[in-house]
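K.L.:
only geometry, no sequence info:
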């Protein structure tokens with residue numbers, strides 16, 4: 001993919017795909033509910049299709065339409081033993097959340113993934129799920145394939161402090177709680193996205209947050225619902241930064257999820273001096289939604305660390321692009337979780353931005369970026385990581401010439417029409 005947007009601007013309205021996190025959870029919880037669940041504006045990407053296929057392989061009837069799916073829920077105990085190994089592809093969300101469901105089943109299953117996923121750490125879910133009484137193990141006690149077997153005893157609710165801020169680990173434990181007895185308490189030292197809690201409540205469970213302690217009563221049933229998936233703010237972030245960086249830009253991104261555990265990107269960009277306005281705010285199926293208007297503005301460097309990191313961990317690559325072109329120094333810390341995503345996103349962004357002339361230093365848990373006035377074109381590697389590819393594509397818009405994004409097709413994991421949408425905005 002060759003990109004050259006130098007001297008141009010972004011103008012117009014855009015709708016980004018449905019939120020990936022909410023799409024995954026609507027498939028999972030809808031499949032486990034009693035009755036029909038209709039999900040509108042669902043993200044049909046490689047990752048979410050893997051989740052759909054896993055549940056279809058366990059006997060759930062899921063009909064796909066134009067941006068909509070209809071799930072005939074089978075209830076908590078209506079899943080069937082799959083005829084083959086469940087392949088999660090590149091989706092860590094699928095593997096980690098599905099593990100929480102599968103440890104409560106009366107049949108054995110094996111979860112695998114692509115080369116990248118097979119080398120991503122799973123000990124972070126193996127430990128708490130085992131503490132609940134689940135029978136789950138992996139290669140070298142940490143990596144897929146994950147082998148999950150039934151247990152004779154009833155799973156027990158646990159009190160568990162998350163050692164690493166991770167919504168996927170938290171969600172895996174909460175889904176396992178559906179099959180346990182007693183109360184589960186999860187202690188978060190850093191706030192992470194709460195889509196699972198909101199959706200479990202919407203479908204009929206009792207989950208609440210008390211002073212960073214998420215509490216769930218296992219005694220609940222799920223009932224089918226209608227779900228509208230708001231636009232993914234992680235996908236919108238690329239256009240927010242591009243609009244801020246490209247002189248003369250003015251874009252409106254419609255119907256975006258504004259969950260407060262996800263809006264760190266707005267907070268950070270505002271601190272950097274961005275011109276961002278929110279309108280048409282409302283609540284849909286327990287999730288806040290609204291429109292985001294972005295105009296060009298001059299950015300300044302800031303420090304990013306601590307609690308806010310949990311609300312923007314997926315946006316750090318595109319924030320690094322904003323910082324590379326901001327005035328002054330930006331220090332990003334406490335983002336070591338980025339090392340365990342589809343790629344080592346810290347090393348990936350440092351390496352590729354340096355190719356473009358950015359002044360960036362890698363830290364063990366982040367990076368230091370000194371803003372420059374312009375970037376130079378380069379051949380850029382995506383590391384087969386969708387967020388790296390999209391972040392580098394925005395950086396390429398500000399380079400003085402043609403840049404080449406290698407293996408750009410990986411954007412299909414979360415945003416199949418990313419390039420079409422981006423090029424349609426360029427004026």
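P.N.:
Received the coordinates, thanks. Predicted model only: the values in this text are computed from it and were never measured. Numbering: from 1, shown residues only.
K.L.:
Am I right that residue 310 is in a helix?
P.N.:
Yes: Residue 310 forms part of a helix when assessed by DSSP: H, G, I helix; E, B strand; the rest coil.
K.L.:
quick one: furthest residue from the center of the chain?
P.N.:
Relative to the centre of the chain, the most outlying C-alpha is that of residue 152, 34.4 Å out, by Cα atoms, centre = their mean.
K.L.:
Any chance you could list what contacts the helix or strand harbouring residue 323?
P.N.:
Using DSSP states H and E, residue 323 sits within helix 316-324. Residues outside helix 316-324 that contact it (Cβ atoms under 8 Å, 6 or more residues apart in numbering) are 237-238, 241, 244-245, 265, 268-269, 272, 299, 301, 304, 312, 330, 332, 335, 338, 345, 348-349, 353, 356, 358-360, 367, 369, 371-372, 375, 387-388, 390-392, 394-395. Every C-beta, even on glycine, is put in place using the N, C-alpha and C of the backbone.
K.L.:
still on that earlier bit, measure the residue farthest from the centre of the chain to residue 107 for me?
P.N.:
14 Å (Cβ to Cβ, to the nearest Å).
K.L.:
now residue 377
P.N.:
Distance of residue 377 to residue 107, given as Cβ to Cβ: 54 Å.
K.L.:
out of those two, which sits in the busier spot?
P.N.:
Neighbours were counted for residue 377 and for residue 107 using other Cβ atoms under 10 Å; residue 377 has more, 19 against 13.
K.L.:
next one: phi and psi at residue 72?
P.N.:
phi -90, psi 90 (degrees, to the nearest 10).
K.L.:
Go ahead and confirm it touches residue 61.
P.N.:
Yes: if you go by Cβ atoms under 8 Å, residue 72 and residue 61 touch, sitting 4.1 Å apart.
K.L.:
Could you check which of those two is surrounded by more residues?
P.N.:
Per other Cβ under 10 Å, whichever of residue 72 and residue 61 has more neighbours is residue 72, with 16 against 13.
K.L.:
list the contacts for the more buried one?
P.N.:
So residue 72 contacts 36, 60, 61, 62 (Cβ under 8 Å, 6+ apart).
K.L.:
Closest to residue 97 out of the residues you listed?
P.N.:
Checking the contacts of residue 72 against residue 97 with Cβ to Cβ, the nearest one is residue 60 at 14.8 Å.
K.L.:
still on that earlier bit, for the residue farthest from the centre of the chain, grab phi and psi.
P.N.:
phi -70, psi -30.
K.L.:
Show me the helices in this protein, by range?
P.N.:
Listed in chain order, the helices of the chain (DSSP state H) span 20-32, 46-56, 92-102, 123-131, 167-177, 195-202, 233-245, 264-271, 316-324, 345-355, 386-397, 418-425.
K.L.:
What spatial separation is found between residue 43 and residue 68?
P.N.:
From residue 43 across to residue 68, the span is 12 Å (Cβ to Cβ).
K.L.:
Likewise for residue 123?
P.N.:
Taken as Cβ to Cβ, the span from residue 123 to residue 68 is 37 Å.
K.L.:
Looking at those two, which one has more neighbours?
P.N.:
Using other Cβ under 10 Å, the more surrounded residue of residue 123 and residue 68 is residue 68, with 15 against 12.
K.L.:
Beta-bridge partners for that one, please?
P.N.:
residue 40 (DSSP bridges).
K.L.:
That one contacts residue 37, doesn't it?
P.N.:
No: the pair residue 68 / residue 37 is not scored as a contact, 11.0 Å apart, by Cβ under 8 Å.
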